[in-house]
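Q: Could you work out the structure for the sequence below:
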Amino acid sequence: MPQNTRILLDNRPEGEASAGNFKIETVETPVLQEGQVLVRHHYLSLDPYMRGRMNAGKSYAQPQPLGEVMIGGTVGEVVESRHPKYAVGDQVVGMGGWQEYSVVNATEPGALRKVDTSHVPLSHYLGAVGMPGVTAWYGLVKIIDPRPGQTVTVSAASGAVGSAVGALAKARGCRVVGIAGGPDKCAYVKGELGFDDCIDYREHRDYGSLAKALKQACPDGIDGHFENVGGMVLDAVMLRANAFSRIAVCGMIAGYDGQPLPMANPALILVNRMRIEGFIVSEHMEVWPEALAELGQLVGSGRFRPRETVAQGIAAAPEAFLGLLKGRNFGKQLVKLV
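A: Numbering: from 1, shown residues only. You can find the predicted model right below:
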């Protein structure tokens with residue numbers, strides 16, 4: 001059995017996360033038991049939600065246990081199998097974590113899923129045609145529920161989730177305005193993703209200034225907003241939101257280090273009869289087949305060309321993850337292991 005290099009959560013961050021919170025080690029891979037398969041990971045997914053799980057406090061998911069492999073999505077190939085439904089060479093997606101190999105109990109429902117790479121590259125099953133894409137689909141379709149001609153905004157618009165929100169909203173005939181950090185990201189959001197406009201939040205010192213920019217970009221107001229950031233961004237959007245607008249709250253990365261995120265104008269929720277709903281995509285597995293089918297068609301047809309930032313080698317995962325939290329990635333952040 002091969003040697004397996006993996007990364008553990010060694011200690012919990014106090015405030016901002018650092019490379020010192022992680023530990024790397026190499027161990028023997030255990031011999032397979034009946035019903036198990038050995039997967040060699042080709043790509044590892046890095047996602048903002050992982051930062052919240054590093055904390056010990058109560059949240060929507062159990063904290064990442066100390067001394068165990070960091071949880072995370074993976075794609076790869078079966079290299080040994082003791083399960084009749086999986087053969088050597090099958091390409092699969094699962095939650096193998098921050099490691100080069102994983103032993104998977106393939107009899108457990110949802111532990112592994114075979115994927116077809118004839119039209120969709122393997123890595124996209126961790127992004128646009130994976131959990132981030134389904135997250136975008138659920139928030140847009142089930143919460144925002146936009147109509148053709150309505151205006152939808154999305155924060156972190158160049159990221160894995162935000163870019164998918166834009167593609168799905170444009171496919172529904174919406175005006176789509178992104179909010180992103182930096183001129184390069186904004187140029188990508190408009191030029192490559194096809195958003196109608198994109199605002200660089202780094203050009204604005206407070207939510208009032210950002211709200212003025214949103215007023216120019218959204219002359220008919222905002223009917224739906226997909227929130228990944230929170231803080232100043234959400235405050236600005238609420239000033240431009242129309243009556244009966246809908247906000248899907250996917251992430252609050254502005255507060256992942258533990259600082260509070262007060263809302264500047266909560267009375268607007270009542271004044272505009274707004275619907276604000278947070279959601280966790282893993283609680284809505286019933287929509288995954290429909291969402292993945294649409295996302296696969298968008299990517300396979302070339303109508304949605306998501307970008308990826310790829311770090312090389314398992315040892316690069318901690319620094320790549322810390323960079324993701326600071327917005328240094330462009331599109332989906334991955335670690336290539338093969």
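Q: got the buried residues for stretch 188-207?
A: Neighbour-count burial for stretch 188-207, with 16 or more other C-beta atoms under 10 Å as criterion, is recorded at 188-190, 193, 195-201, 204, 207. C-beta here means a position set from N, CA and C on the backbone, and glycine is covered the same way.
Q: Oh, that last question was meant for stretch 133-153, not what I typed.
A: 133-141, 143-144, 146, 150-153.
Q: Give me the neighbour count for residue 338.
A: 9 (other C-beta atoms under 10 Å).
Q: how about the closest residue to residue 141 other than its chain neighbours, what does it touch?
A: Leaving out its chain neighbours, the residue that sits closest to residue 141 by C-beta to C-beta, 6 or more residues apart in numbering is residue 168, at 7.3 Å. Neighbouring residues of residue 168 by C-beta atoms under 8 Å, 6 or more residues apart in numbering: 136-137, 140-141, 294-295, 298.
Q: Among these, which one sits closest to residue 158?
A: Nearest to residue 158 among the contacts of residue 168: residue 136, at 12.9 Å, using C-beta to C-beta.
Q: would you say that closest one is within a helix?
A: Yes. Counting by DSSP: H, G, I helix; E, B strand; the rest coil, one finds residue 136 located in a helix.
Q: Against residue 33, how distant is it?
A: 37 Å (C-beta to C-beta, to the nearest Å).
Q: got the phi/psi numbers for residue 62?
A: Dihedral pair for residue 62: phi -60, psi 140, per degrees, to the nearest 10.
Q: now swap in residue 271 and tell me
A: For residue 271, the backbone dihedrals are phi -60, psi -40 (criterion: degrees, to the nearest 10).
Q: Enumerate every residue touching it.
A: Listed by C-beta under 8 Å, 6+ apart, residue 271 has no contact partners.
Q: same question, the one 10 residues further on
A: Residues in contact with residue 281, defined by C-beta under 8 Å, 6+ apart, are 131, 134-135, 138.
Q: Can you tell me how far it is from residue 137?
A: From residue 281 across to residue 137, the span is 9 Å (C-beta to C-beta).
Q: for residue 217, same thing?
A: As judged by C-beta to C-beta, residue 217 and residue 137 stand 24 Å apart.
Q: what does residue 160 give?
A: Distance of residue 160 to residue 137, computed by C-beta to C-beta: 13 Å.
Q: coming back round to it: does the residue nearest to residue 141 sit in a helix or strand, and which one?
A: Per DSSP states H and E, residue 168 falls inside helix 160-171.
Q: Kindly report the same for residue 40.
A: Of the helices and strands defined by DSSP H and E, residue 40 is found in strand 36-46.
Q: Tell me the predicted confidence for the residue nearest to residue 141.
A: Reading off the confidence values, residue 168 has pLDDT 98.
Q: what's the following helix or strand after whatever helix or strand residue 208 lives in?
A: In this structure, residue 208 is located in helix 207-217 according to DSSP H and E. Downstream of helix 207-217, the next assigned helix or strand under DSSP H and E is strand 222-227.
Q: neighbouring contacts of that following strand?
A: The set of residues external to strand 222-227 that reach it, using C-beta under 8 Å, 6+ apart, is 136, 139-140, 144-147, 150-155, 161-162, 165, 174, 177, 214, 233-234, 237, 240-242, 245-252.
Q: Then stretch 309-327?
A: For stretch 309-327, contacts defined as C-beta under 8 Å, 6+ apart pick out 5-7, 17-19, 21-22, 24, 43-44, 46-48, 50-51, 70, 98-100, 123, 156, 181-182, 253, 256, 328-337.
Q: which of those count as buried?
A: The neighbour-count criterion (16+ other C-beta under 10 Å) marks 5-7, 17, 21-22, 43-44, 46-48, 50-51, 70, 98-100, 123, 156, 181-182, 253, 256, 329-337 among the contacts of stretch 309-327 as buried.
Q: all helices of the protein, in order?
A: Taking DSSP state H as the criterion, the chain contains helices spanning 49-53, 131-138, 160-171, 183-191, 207-217, 232-240, 267-271, 288-300, 317-325.
Q: can the ones you listed go into JSON lines with extra columns for distance to residue 93?
A: Below are the helices of the chain laid out as JSON lines (distance: least, C-beta to C-beta, whole Å):
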{"stretch": "helix 49-53", "distance to residue 93": "17"}
{"stretch": "helix 131-138", "distance to residue 93": "9"}
{"stretch": "helix 160-171", "distance to residue 93": "15"}
{"stretch": "helix 183-191", "distance to residue 93": "26"}
{"stretch": "helix 207-217", "distance to residue 93": "36"}
{"stretch": "helix 232-240", "distance to residue 93": "31"}
{"stretch": "helix 267-271", "distance to residue 93": "38"}
{"stretch": "helix 288-300", "distance to residue 93": "10"}
{"stretch": "helix 317-325", "distance to residue 93": "18"}
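Q: Determine which of the ones you listed approaches residue 261 most closely.
A: Of all the helices of the chain, the one in closest proximity to residue 261, counting by C-beta to C-beta, is helix 232-240 (8.1 Å).
Q: All set now, cheers.
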